[in-house]
Each structure stands twice: as structure tokens, then as C-alpha cells.
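>>> Compute the structure for the input listed below.
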Amino acid sequence: MTAADALAAAYRHGPGRVVETGPAPRPEPASGPRTPFAALAARGRFGSALTHLLTDVVTPLRWEPWNQYNDHRGHPSARAAFTVDVVLAVGSRRWLVDPVRRVVVGDGSPVPDGSARLELVRRRDRLAEGYGEFGDALTELEMGHVAAALVEHASRLGLRAHVDGTAVVVSSWRESGRPAGPSPVRGSGFGPRGISADPRPLPVSALHAFVAAITHPPEGSPVRHDVRHRLAVRNVEGVADGWYEPAGLRLVDAGGALDQVREVFGHPPDTIDVGAMNLALVTTGDPAAAVAVDGPDGYRALLRAAGAAAQHACTAAAGAGMFCRPARSTVDGALEAAVRAPASHVLLYLLLAGRPRGTGFSYDLTPLEAR
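Modelled structure (predicted):
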């Protein structure tokens, strides 16, 4: 891919893109010898901690009977297609992680000795063909989500982790091998009126937790300083409605910011009631500048950075009792104008967050040993 190809893809993902509905391909299990997670966990404290990391981030954790898109894992995925595979690399050998069966697939059994590399592999083919090239953007955003989820959860397990290109390097630190305890459950936001926020004011502590996740990401995360965030705030205790710069929570433009997002959103209120949300995070970036600095991968790195920031925000939202929905069904140019993005910027991502009106029954899919 050349720099011109990368920029052409960036601009095709923006205004005028065509996304059609259609059936998603049925994923097939990987073939080959299988080593269960339990065998990996038996390889000392590091092996046990690495197993908990994979279990908590990439395997099915929850099933919602009322939700048309299942299952749910430690990171969001468009239509629960899970377009990123993880390959466990130890030395020169590699094993594909099968998250549904909680096994690694490949010859022999991995013996991690204080260090392992988790390589992220794009699986755009798991999205319906109707997404066209825009499916590439969604896959790249998910790459950022997965990388960030691995980094942020590794520290909870006493591991060191940092992103190296499209891989996460995990190493021994102060791990005990025991589970980290339950992670905050990411809610879907579904209720009797579609996806909508509780009409009561959101506690200001939830806003502060959300902002802190954006402005102070964990060390090793693939976030970048050349992405730009603007936060729409509505109905938060003691905070004026309007557009904010997350750094310092500085008010940029007072007024109905969520109303502006609602006007450019592609789904009706009975599907996703954008105007009733408490928070909306709009992330933009300059593809041409990124490609000029980083070469053809610059645009994709921007998308990964936007996905990583979104993952940290989603985790913070869950901890504060909110749901957090990634979205890209927008009129991009109008939303870019609403956040006063520089002319060279394009929309990378949109997050919608709020306190759920209620929670329904869901099946807990976490293994007993991880609780």
C-alpha cells in the first residue's frame, strides 16, 4: 500500500460511503491440535496470569437474550463480528487463540517463560460484504480496542504490557497468577425504548471518570497525541450542557451539543435515542499528516488510536455504571463542523454513553476459575 492508497481509503470511508445490510459470514473454527487454556495456566504464575488476560479480554463473557448481537467480550465489536484474532507467539512459535473454545491451536504446547507476544490479526471477512471498504475502518478501530483492552487489563493482573505495531508484548512483573477479580460489566444500553439513557441527571463523578480515561490512558496503550477529542455533555449534575475539550474539562461551546449529534445521526430515536444520552465523544484526526509522518500505515494507526481511546472510555464508563456505545452511523461532515474540527480532519469515531434505564437478565459465560 502506498501513501496515496492509504489516503484514498481514508476519504472513501467518509462522506458518501455506502453501507448495505446483509448476512454476516458464519465463522469456522480453526483446525489443528488444540491446547486448552487450563494447560497454559499450569505453566507457573506468568502462564496463569497470561491465561486470565486472554480469558478476560477476548473470550465470551456474557450473552444477552434480548440482544440481536451476541456474544459480549472485554471489548466492543461491530455487530459482535469480532474482526480481530489473537495469535500467541512465544519465541519463534505461534498458536492461534480460539476464544470460543478457550484453546490455542497449533503444534505442541506453549511454554511462556516470562514473556509473550500477542499478535493481532485482522479478520475483515467476518463482516458482511455490504460494509464494503468501510469494514476495513471498523476492523482497524477494533484492533485499537483489543490492544488497549489487553494493555489496561494486564496491569490489573500484575503484568507489564505495551503495544508494538499491531501486537501487544506482555512480560512478567508482579503477577500472582490469581484472577484479577471481576471487571466492570459493559452494558449494552438496551431497554424497552431501544437504546436510551436514564432521564435522571448523571453523577458528576461518572463524567470525571470518563474524562480521566481519555486524558490519562495507561502506559503502553496505542493512543496518539494527534487525534482530537470533543465531548458533548448533557444532563450531568452541576455541569453545563455543551461541547467540552476533555483536557481540563474546558467548556468550548455551551448549549445543546447532544441535539447537534442527534441531528446528524443515522438511526431513529426508537433505535438509539442520541438526544437522551449524557455523553458523546467525537474523535477526529488528520490522515494526510499521519501518513506524511508514519507512511502508509499512518491512517490505520489513527483509527487504532481512536479505538484505543474509546476502549479506555468504555471501561471507565462501565466502572461508573454507564453503558458506552461506539457508533459511526453519522453524516460525517456535519458532525465535524459541530465539533469545529480543523478542515484537514476527518471523523474517526463516535461514542455514546449514559446511565442505563434498566438492566435485563444475561448469561454469565466467564469460567469458574476466572471469578
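>>> Contact partners for Y349?
141, 281-283, 303, 306-307, 309-310, 326, 328 (Cβ atoms under 8 Å, 6 or more residues apart in numbering). C-betas here are computed from N, CA, C, even on glycine.
>>> all helices for the protein, in order.
Under the criterion DSSP state H, helices of the chain are mapped to 3-12, 37-41, 44-58, 134-156, 204-215, 257-263, 287-294, 298-319, 332-338.
>>> follow-up on the earlier one: next, format the contacts of Y349 as JSON lines and append pLDDT and neighbour count.
Shown next, in JSON lines, are these (pLDDT from 0 to 100; neighbours: other Cβ atoms under 10 Å):
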{"residue": "L141", "pLDDT": "97", "neighbour count": "28"}
{"residue": "L281", "pLDDT": "98", "neighbour count": "25"}
{"residue": "V282", "pLDDT": "98", "neighbour count": "24"}
{"residue": "T283", "pLDDT": "98", "neighbour count": "27"}
{"residue": "L303", "pLDDT": "97", "neighbour count": "27"}
{"residue": "A306", "pLDDT": "97", "neighbour count": "31"}
{"residue": "G307", "pLDDT": "97", "neighbour count": "31"}
{"residue": "A309", "pLDDT": "98", "neighbour count": "29"}
{"residue": "A310", "pLDDT": "97", "neighbour count": "28"}
{"residue": "P326", "pLDDT": "93", "neighbour count": "23"}
{"residue": "R328", "pLDDT": "85", "neighbour count": "18"}
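>>> can you redo those residues as JSON lines with distance to R340?
Output for the contacts of Y349, formatted as JSON lines (distance: Cβ to Cβ, whole Å):
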{"residue": "L141", "distance to R340": "23"}
{"residue": "L281", "distance to R340": "15"}
{"residue": "V282", "distance to R340": "10"}
{"residue": "T283", "distance to R340": "14"}
{"residue": "L303", "distance to R340": "21"}
{"residue": "A306", "distance to R340": "18"}
{"residue": "G307", "distance to R340": "23"}
{"residue": "A309", "distance to R340": "19"}
{"residue": "A310", "distance to R340": "21"}
{"residue": "P326", "distance to R340": "22"}
{"residue": "R328", "distance to R340": "20"}
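>>> Go through those and name the one nearest P182.
Nearest to P182, judged by Cβ to Cβ, of the contacts of Y349 is A310 at 21.7 Å.
>>> okay but that closest one is in contact with G144, surely?
Yes. Counting by Cβ atoms under 8 Å, A310 does reach G144; the two are 7.3 Å apart.
>>> quick one: low-confidence ranges for the chain?
The model of the chain has pLDDT under 70 over residues 15-16, 18, 21, 191-193, 358-361, 368-371.
>>> So which residue is dead centre in it?
Residue closest to the average C-alpha location in the chain (Cα atoms, centre = their mean): H145, at 3.2 Å.
>>> Next up, the contacts around that one.
When contacts are counted by Cβ under 8 Å, 6+ apart, H145 touches 75-77, 84, 307-308, 310-311, 314.
>>> Buried ones among these?
Those of the contacts of H145 that meet the buried threshold are 75-77, 84, 307-308, 310-311, 314, by 16 or more other Cβ atoms under 10 Å.
>>> can you give me the strands in the stretch 51-200 of the chain?
Along the stretch 51-200 of the chain, the segments classed as strands by DSSP state E, counting those that start in this stretch run 62-63, 84-90, 93-98, 103-105, 115-122, 160-164, 167-171, 190-191, 194-195.
>>> Quick check on R200: phi, psi?
When quoted as degrees, to the nearest 10, the phi and psi of R200 stand at phi -70, psi 150.
>>> and if you look at N278?
phi -90, psi -40.
>>> any idea how far V282 is from A334?
Note on A334: its distance to V282, by Cβ to Cβ, to the nearest Å, is 11 Å.
>>> now T2
T2 is 29 Å from V282, where distance means Cβ to Cβ.
>>> Settle this for me: V84 is touching R123, isn't it.
Yes. Using Cβ under 8 Å, V84 makes contact with R123 at a distance of 6.5 Å.
>>> Need the residues touching each of the two.
Common neighbours of V84 and R123, using Cβ under 8 Å, 6+ apart, are T139.
>>> Can you tell me the closest non-neighbouring residue to L365?
In this structure, L365 finds its nearest non-sequential neighbour in P60, 4.6 Å apart by Cβ to Cβ, 6 or more residues apart in numbering.
>>> isn't the one you found right up against R73?
Yes. Here P60 lies in contact with R73, judged by Cβ under 8 Å, at a distance of 6.0 Å.
>>> Quickly list what's touching both of these two.
Shared contacts of P60 and R73, defined by Cβ under 8 Å, 6+ apart, are found at P99.
>>> picking up where we left off before, adding distance to L54, write the strands of the stretch 51-200 of the chain out as CSV.
Shown next, in CSV, are those (distance: least, Cβ to Cβ, whole Å):
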stretch, distance to L54
strand 62-63, 17
strand 84-90, 7
strand 93-98, 6
strand 103-105, 9
strand 115-122, 8
strand 160-164, 12
strand 167-171, 10
strand 190-191, 28
strand 194-195, 29
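>>> Which among those strands is found nearest to L365?
Of all the strands of the stretch 51-200 of the chain, strand 62-63 sits nearest to L365, with 5.9 Å by Cβ to Cβ.
>>> gap between that closest one and the chain center?
Strand 62-63 has its C-alpha centroid displaced from the chain centroid by 17 Å (Cα atoms, centre = their mean, to the nearest Å).
>>> Show me what it is in contact with.
For strand 62-63, the external contacting residues (Cβ under 8 Å, 6+ apart) are 70-72, 185, 362-365.
>>> among the strands of the stretch 51-200 of the chain, which is nearest A290?
strand 160-164 (16.1 Å).
>>> Partner strands of that closest one, with direction?
Neighbouring strands of strand 160-164 in its sheet, by DSSP bridges, are strand 167-171 (antiparallel).
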